[in-house]
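In: sequence-free structure coming up:
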DNA sequence: CTGAAAGCGCTTACAG
DNA sequence: CTGAAAGCGCTTACAG
């Protein structure tokens, strides 16, 4: 089949040990020897067998990334950013990216338990919280490097937007427009409100509402599954309230987009009778005119790889935590509250 | 670290060879022995080291999937479907899914050339055409199984919607509503019109236009990059034509969504002055009211895995080709052409 | 039905 | 700076 290290050694007139050292850029190889080996490898189109390297060396070149669902916009952006960074490395170092969606693997626990993950990945990017101390310990014990995205854990490097602040700024935007009844939709019962992005966002909404002294009606918080459909269903419930909200912050743009349309179908003008703010800045948000709190997810995926690789090469350096900025993008789904316009126009 | 095959052998009181056979379900193992081995493996939480298996056995359990971009809706759906099928196998057989976006790897050629792909994957699902005969040969020579999605190749199993027919039915829908000037937007210059989904869709549009005897003005076909932004830019060009079209079929829903908004911003009513049809049925399409030709991409990802696995286990059986149905979803972006309503309302 | 042994293609101390 | 040799954890003929 393809060339082995022995073929290269033969052609270069050295031992396989020397080939191994030369090709991996280890010190203690004479420059002339290294050149000869490199040339031989090139001629033979030699690339080390990753399985053999991993078995012999005890480590490979894979990084796993655990996301909520490969079908979600957010996770796709993250993967794309991570892939570009990992495969775009100058040397095409041979790294590969292994995505796992927690849906398919039975949550992070399913992944950590069922699979000999140490034998598969050197590093893990976890983008679907929460991450328990026990899980972190298990990962550390296995000798696998860890980085988080979208939330932080004390002992692991990671980066995220300030999830709570993002939601709070959505509320603040509406408040500045005169809204007093501002609703929230999003996942609600996640593992007892662990530190997931959704839970943090909900906290931020509640904080913003309190800060501004807005209506604190519990009915203004409705659970919703993170999809356009979830948003449509949730908004219908909100609009059936005795006194419907005039403003809405949705936990994600996908939710907001579903809500926009369903609200209009229910006879409410957006933003005339209901102002809507999303979070994320989904690809299509600009094109449906959705006001949102934007973040650059792709860049975060790339950055997560950088942090992981740094951690991997520098050993246990200090734990880096980065907070990435967001920005309010005012488009066409938010406007001033209209006095006395709290009932639907049929 | 974790248990090895030797630990299991010791605990079960058999040789490692027997453990290997028993655990992989090979014949010629006494039922009682198999039970003992299975129990020992369970107790020890033993799972075979994939690197060692691959090295010794010459084959592993990875399937690669080549898509255009991990950030695109279509590709995310495909991955999600494939992952669910591959990891959801009853036995959690240990398969893993390796996605590659042709953008990041320099096209399929980059993948086939640069990497010792035979050592990494047993099978390849290619969802980003075209696929040349040379490439197919290379894959076959390497002993890697191949399946295509979204287009077909003579010698490889695969499945796809009838891309051309999808576009044609979009044109037909508009024609039935009285439209005579129907435009197209999409990628235009792909590798000299190879058999990519986009190229097929364009062909289908042209065929539909001709069939119906519609206006054949070359200016009605505008190139567009497959994104909402691309759609917005392309529709502006169309609406600046001396005689703008009254109907538009977009190569994808993402394109159509961008076009909807940009057309409205330009003072055109949708569907009043411009009817728009997309292709795909993107997650948000229902919620923006987009008329489209829908397909179930997720199911196709799952099915591709099935075809690949069947091919892998049954050896070179017959080549299966499947055409998956699409359906016209009439929503709110298409309507009857209004006589004499070809100029914009400022 | 089961075991002993070779071998997959590398890496890594250990000598020199 | 370089080589000989052991070993990583499996699978697979080959015997029995």
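Out: Cool, the structure landed. Because the structure is predicted, anything quoted here is derived from the model rather than measured.
In: chain center to stretch A:4-17: distance?
Out: 44 Å (CA atoms, centre = their mean, to the nearest Å).
In: tell me which residues in it are buried?
Out: Of the residues in stretch A:4-17, A:4, A:5, A:7, A:8, A:9, A:11, A:12, A:14 count as buried by neighbour count, 16 or more other CB atoms under 10 Å in any protein chain shown. No exception for glycine: its C-beta is placed from N, CA and C like everyone else's.
In: and DNA strand C, which of the residues you listed contact it?
Out: A:4, A:5 (CB under 7 Å from any atom of the strand).
In: can you put the buried residues of stretch A:4-17 in JSON lines and add secondary structure and pLDDT?
Out: Below are the buried residues of stretch A:4-17 laid out as JSON lines (DSSP: H, G, I helix; E, B strand; the rest coil; pLDDT from 0 to 100):
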{"residue": "A:4", "secondary structure": "coil", "pLDDT": "92"}
{"residue": "A:5", "secondary structure": "helix", "pLDDT": "94"}
{"residue": "A:7", "secondary structure": "helix", "pLDDT": "93"}
{"residue": "A:8", "secondary structure": "helix", "pLDDT": "94"}
{"residue": "A:9", "secondary structure": "helix", "pLDDT": "94"}
{"residue": "A:11", "secondary structure": "helix", "pLDDT": "93"}
{"residue": "A:12", "secondary structure": "helix", "pLDDT": "93"}
{"residue": "A:14", "secondary structure": "coil", "pLDDT": "94"}
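In: nearest to chain B, of the buried residues of stretch A:4-17?
Out: Chain B lies nearest to residue A:4 out of the buried residues of stretch A:4-17, by CB to the nearest CB, at 10.7 Å.
In: Spatially central residue for chain A, please.
Out: Among the residues of chain A, the one closest to the centroid is residue A:127, at 4.6 Å (CA atoms, centre = their mean).
In: The closest residue to that one other than its chain neighbours - how many residues pack around it?
Out: The shortest distance from residue A:127 to any non-neighbouring residue, by CB to CB, 6 or more residues apart in numbering or on different chains, is to residue A:149 (4.4 Å). Residue A:149: 29 surrounding residues under other CB atoms under 10 Å in any protein chain shown.
In: which ones are touching residue A:149?
Out: A:78, A:125, A:126, A:127, A:158, A:159, A:160, A:300, A:301, A:304 (CB atoms under 8 Å, 6 or more residues apart in numbering or on different chains).
In: Look up how far residue A:95 lies from it.
Out: Separation of residue A:149 from residue A:95 (CB to CB, to the nearest Å) stands at 17 Å.
In: Also residue A:280?
Out: 28 Å.
In: what does residue A:287 give?
Out: Relative to residue A:95, and taking CB to CB, residue A:287 is found at 35 Å.
In: Mind checking which of those two has more residues around it?
Out: Between residue A:287 and residue A:95, residue A:287 has the larger neighbour count (other CB under 10 Å), namely 25 against 19.
In: wait, residue A:278 sits on residue A:250?
Out: Yes: using CB atoms under 8 Å, residue A:278 is in contact with residue A:250, at 5.1 Å.
In: Name the residues contacting each of the two.
Out: With contacts taken as CB under 8 Å, 6+ apart, residue A:278 and residue A:250 have residue A:256 as neighbours in common.
In: okay, the two: which has more neighbours?
Out: residue A:250 (33 against 30).
In: And that one, how close does it get to DNA strand D?
Out: According to CB to the nearest atom of the strand, to the nearest Å, residue A:250 stands 48 Å off from DNA strand D.
In: Quickly list what that residue is bridged to.
Out: Per DSSP bridges, the residues bridged to residue A:250 are residue A:185.
In: How much space separates it from residue A:85?
Out: 30 Å.
In: tell me which of the buried residues of stretch A:4-17 is nearest to DNA strand D?
Out: Comparing the buried residues of stretch A:4-17 against DNA strand D with CB to the nearest atom of the strand places residue A:14 closest, at 3.6 Å.
In: Quick one: residues contacting the closest one.
Out: With CB under 8 Å, 6+ apart, residue A:14 has these contacts: A:22, A:33, A:36, A:37.
In: what sits against the second one?
Out: Residues touching residue A:33, when contacts are defined by CB under 8 Å, 6+ apart, comprise A:12, A:14, A:18, A:22.
In: which stretches of chain A have low pLDDT?
Out: Low-confidence segments of chain A (pLDDT under 70): A:1, A:89-93, A:114-116, A:189-194, A:315-317, A:339-346.
In: How about the residues of it by DNA strand C?
Out: Checking chain A against DNA strand C by CB under 7 Å from any atom of the strand, the hits are A:1, A:3-6, A:16-17, A:20-21, A:23-24, A:46, A:48-49, A:52-53, A:55-58.
In: Which of these fall within helices?
Out: A:5, A:6, A:16, A:17, A:20, A:21, A:23, A:52, A:53, A:55, A:56, A:57 (DSSP state H).
In: farthest pair in those?
Out: A:21 and A:55 (18.1 Å; CB to CB).
In: residues making contact with the longest helix seen in chain A?
Out: What stands out as the longest helix in chain A, according to DSSP H, is helix A:297-314. With contact meaning CB under 8 Å, 6+ apart, helix A:297-314 is reached by A:63, A:74, A:77-86, A:122-123, A:125, A:127, A:145-150, A:157-160, A:280, A:317, A:320, A:322, A:324, B:71.
In: Just the ones in strands from those residues, please.
Out: Using DSSP state E, the members of those that fall in strands are A:63, A:123, A:125, A:145-149, A:158-160, A:280, A:322, A:324.
In: Next, format these as CSV and append distance to residue A:312.
Out: Compiled in CSV, the ones in strands among the contacts of helix A:297-314 are given as follows (distance: CB to CB, whole Å):
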residue, distance to residue A:312
A:63, 8
A:123, 6
A:125, 12
A:145, 5
A:146, 10
A:147, 10
A:148, 15
A:149, 16
A:158, 15
A:159, 16
A:160, 20
A:280, 29
A:322, 17
A:324, 21
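In: Out of the residues you listed, flag the one nearest to residue A:219.
Out: residue A:280 (25.3 Å).
In: For that closest one, the count of nearby residues, please.
Out: Around residue A:280 there are 25 residues (other CB under 10 Å).
In: beta partners for it?
Out: Going by DSSP bridges, residue A:280 forms beta bridges with residue A:294.
In: separation between it and residue A:74?
Out: Using CB to CB, residue A:280 is found at 6 Å from residue A:74.
In: what is in contact with the two at once?
Out: Jointly contacting residue A:280 and residue A:74 under the rule CB under 8 Å, 6+ apart are A:252, A:297.
In: rewinding a little: could you redo the contacts of residue A:33 as JSON lines and give each row distance to residue A:182?
Out: Shown next, in JSON lines, are those (distance: CB to CB, whole Å):
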{"residue": "A:12", "distance to residue A:182": "71"}
{"residue": "A:14", "distance to residue A:182": "72"}
{"residue": "A:18", "distance to residue A:182": "69"}
{"residue": "A:22", "distance to residue A:182": "65"}
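In: Count the residues that sit near residue A:332.
Out: Using other CB under 10 Å as the criterion, residue A:332 is surrounded by 14 other residues.
In: Please identify which helix or strand holds it.
Out: Per DSSP states H and E: residue A:332 is located in neither a helix nor a strand.
In: what's the neighbour count on residue A:243?
Out: 12.
In: Revised request: answer the last question for residue A:290.
Out: 26.
In: what residues are up against it?
Out: A:253, A:256, A:257, A:260, A:276, A:278, A:282, A:331, A:332, A:333.
In: can I get the buried residues of stretch A:4-17 in JSON lines with distance to DNA strand D?
Out: JSON lines is the format used below for those (distance: CB to the nearest atom of the strand, whole Å):
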{"residue": "A:4", "distance to DNA strand D": "12"}
{"residue": "A:5", "distance to DNA strand D": "10"}
{"residue": "A:7", "distance to DNA strand D": "15"}
{"residue": "A:8", "distance to DNA strand D": "12"}
{"residue": "A:9", "distance to DNA strand D": "8"}
{"residue": "A:11", "distance to DNA strand D": "13"}
{"residue": "A:12", "distance to DNA strand D": "9"}
{"residue": "A:14", "distance to DNA strand D": "4"}
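In: Over to residue A:248. Which of the three states is it?
Out: With DSSP: H, G, I helix; E, B strand; the rest coil as the basis, residue A:248 sits in strand.
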